[in-house]
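# no FASTA, just this:
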């Protein structure tokens, strides 16, 4: 990151026109996104998929669209201030961060691999996400990483450059030191009254929707969910978590399958057992049939206590934008999913409340818990990364999930069909984990959430962005 963004700044500083500045940002971002997102095309190569011919378009098309944001905002930064000036450096960092925010929110949004996520596996540095948020962390990361390029081209004195470099090094060291102190003084606390059973069945993607294998898949995940042993004390409540679309209409329309789930939940005789599972919900009949990618919360009586429908649908994967004008079917092989109403908190008296998220919904900063109402005690993320094989995708997905835990100060419980399942504490520490292509059942207690919330600190990250925005606008207006 430090080498890449410094090289980008050097290239940006050599632009003679806004068009050249756009090109420097566009081609840098194109390389960044192609090398970071090439694995998305793997979903089109799963055996039995009719869309393999789209593979070249998906591998280059999405990165091209995302790179337009970077190129456009860097063109504006070049117009605003000379790159050799300190104001030019600040506007570069601010507008590059703003381009990240724009691509994360425009249209359906895709904030994957924000620059701030470079710290996901460096927990002391990542702790600042709790105070700054993902975009605030991205801003300071760009300032640090692009500084080397600015110092090469700066028109300032040597003393100024040395001072600026020293400040950057000290701020890096301080961020690391404070993050390490936070981790050293924070012990993971568990709610021993709440047990977790996280199932990763590791069903091959080409078999997941095979009509012959659907029932066998259900029996497999059922057998992996039988009563588990917990260390004393025995929890009062147990949550069994199954992955995305673990239950399909072909499964829940059979009485014997409903009875099997009921039997599993009732096998926990000393605890209240609940199932949190991904469900492909079918609603209506005939030409009015609709589908939803959902999470359903079930009790021992098989009563659906609450259902959540996925809100952030995958374009062309789960719905076709402007479907009346584009005569294609989604990759999921039917008309598409109904869109949910947004993040929600699932509550039931006597048990910890949670916010359900499906697949990549967990990557959206500040959109993983309901903005109003009761704050959840934990986040549950069900997913199926089996589409992407043993590529960078599942690892990136899990890394960004850890950032959400830190950012929100909430534990995250993640169940993948295959990918990386796990239990993450509010500091981003992985308590339990199942690696990709591993069949596993994870049993542990639920980590407690933090008392201080990300929302209480979010003003700090927003203040940094707003201050940069006012600085940028003021100097643009009053510059000579």
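Happy to help now that I have it. These figures come from a predicted structure and were not determined experimentally.

# List the contacts of the residue nearest to residue 198 when sequence neighbours are not counted.
In this structure, residue 198 finds its nearest non-sequential neighbour in residue 442, 4.2 Å apart by Cβ to Cβ, 6 or more residues apart in numbering. C-beta here means a position set from N, CA and C on the backbone, and glycine is covered the same way. Residues near residue 442 by Cβ atoms under 8 Å, 6 or more residues apart in numbering: 196-200, 421-423, 432-434.

# those strands in the stretch 351-480 of the chain, which residues are they?
Taking DSSP state E, counting those that start in this stretch, the strands of the stretch 351-480 of the chain run over residues 351-358, 378-383, 412-416, 421-424, 430-434, 440-447.

# okay if I get those as a markdown table plus distance to residue 232?
Formatted as a markdown table, the strands of the stretch 351-480 of the chain follow (distance: least, Cβ to Cβ, whole Å):
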| stretch | distance to residue 232 |
| --- | --- |
| strand 351-358 | 20 |
| strand 378-383 | 22 |
| strand 412-416 | 22 |
| strand 421-424 | 19 |
| strand 430-434 | 18 |
| strand 440-447 | 11 |
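
# Go through those and name the closest to residue 276.
Nearest to residue 276, of all the strands of the stretch 351-480 of the chain, is strand 378-383, at 5.6 Å by Cβ to Cβ.

# related to what we said a few turns ago, if you rank the contacts of residue 442 by neighbours, which is first?
The most crowded member of these, judged by other Cβ atoms under 10 Å, is residue 421 (31 neighbours).

# what's across from it in the sheet?
Per DSSP bridges, the residues bridged to residue 421 are residue 434.

# Settle this for me: it is touching residue 433, isn't it.
Yes: taking Cβ atoms under 8 Å as the definition, residue 421 is a contact partner of residue 433 at 7.2 Å.

# Poorly predicted segments of the stretch 351-480 of the chain, please.
454-466, 468-469, 471-480 (pLDDT under 70).

# Show me the helices in the protein, by range?
2-13, 18-37, 55-80, 86-105, 123-126, 129-153, 158-184, 205-208, 214-223, 249-252, 255-266, 392-408, 454-478 (DSSP state H).

# Mean neighbour count added to those, as a markdown table?
Formatted as a markdown table, those follow (neighbours: other Cβ atoms under 10 Å):
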| stretch | mean neighbour count |
| --- | --- |
| helix 2-13 | 20 |
| helix 18-37 | 19 |
| helix 55-80 | 19 |
| helix 86-105 | 22 |
| helix 123-126 | 20 |
| helix 129-153 | 23 |
| helix 158-184 | 13 |
| helix 205-208 | 17 |
| helix 214-223 | 17 |
| helix 249-252 | 17 |
| helix 255-266 | 15 |
| helix 392-408 | 24 |
| helix 454-478 | 15 |
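
# wait, which of these is closest to residue 336?
helix 249-252 (15.8 Å).

# From the contact counts, what lies against that closest one?
helix 214-223, strand 272-283 (3 or more Cβ pairs under 8 Å, 6 or more residues apart in numbering; DSSP states H and E).

# Any idea how far the longest one is from the middle of the chain?
I take that to be strand 272-283. 22 Å (Cα atoms, centre = their mean, to the nearest Å).

# can you pull the buried residues of it?
For strand 272-283, burial by neighbour count (16 or more other Cβ atoms under 10 Å) applies to 272-282.

# Repeat that for stretch 305-321.
307-314, 316-320.

# What is the nearest of the residues you listed to residue 230?
Nearest member of those to residue 230, counting by Cβ to Cβ, is residue 308, at 26.9 Å.

# Test my guess that that closest one contacts residue 345.
No: at 9.8 Å, residue 308 does not count as touching residue 345 under the criterion of Cβ under 8 Å.

# Low-confidence stretches in this structure?
Across the chain (using pLDDT under 70), the flagged ranges come out as 44-53, 320-335, 454-466, 468-469, 471-480.

# Looking at the helices and strands packed on helix 249-252, spot the one closest to residue 10.
So among the helices and strands packed on helix 249-252, strand 272-283 is nearest, using Cβ to Cβ, at 46.7 Å.

# The closest one packs against which elements?
So strand 272-283, by 3+ Cβ pairs under 8 Å, 6+ apart, packs with strand 237-241, helix 249-252, helix 255-266, strand 290-298, strand 304-309, strand 351-358, strand 378-383.

# now the fourth one and strand 351-358, what's the angle there?
Using axes from the mean of the first three to the mean of the last three Cα atoms, to 10 degrees, the interaxial angle of strand 290-298 with respect to strand 351-358 works out to 160 degrees.

# contacting residues around strand 290-298?
244-245, 247, 261, 265, 274-284, 304-310, 313, 318, 334-338, 340, 346, 348, 356, 358-359, 380, 382.

# domain ranges for the chain?
Split into domains by automatic domain parsing, the chain comes to 2-185+457-478, 191-449.

# Let me know whether residue 438 touches residue 201 as I believe.
No: using Cβ under 8 Å, residue 438 is not in contact with residue 201; the gap is 10.3 Å.

# The two - which one has more neighbours?
Counted by other Cβ under 10 Å, residue 438 and residue 201 do not tie: residue 201 has more neighbours, with 25 against 13.

# Check the gap between the more buried one and residue 253 for me.
For residue 201, the distance to residue 253 equals 20 Å [Cβ to Cβ, to the nearest Å].

# Find me whatever residue is spatially closest to the spatially most central residue of the chain, sequence neighbours aside.
Taking Cα atoms, centre = their mean, the centroid of the chain lies closest to residue 363, which sits 1.9 Å from it. The shortest distance from residue 363 to any non-neighbouring residue, by Cβ to Cβ, 6+ apart, is to residue 400 (4.7 Å).
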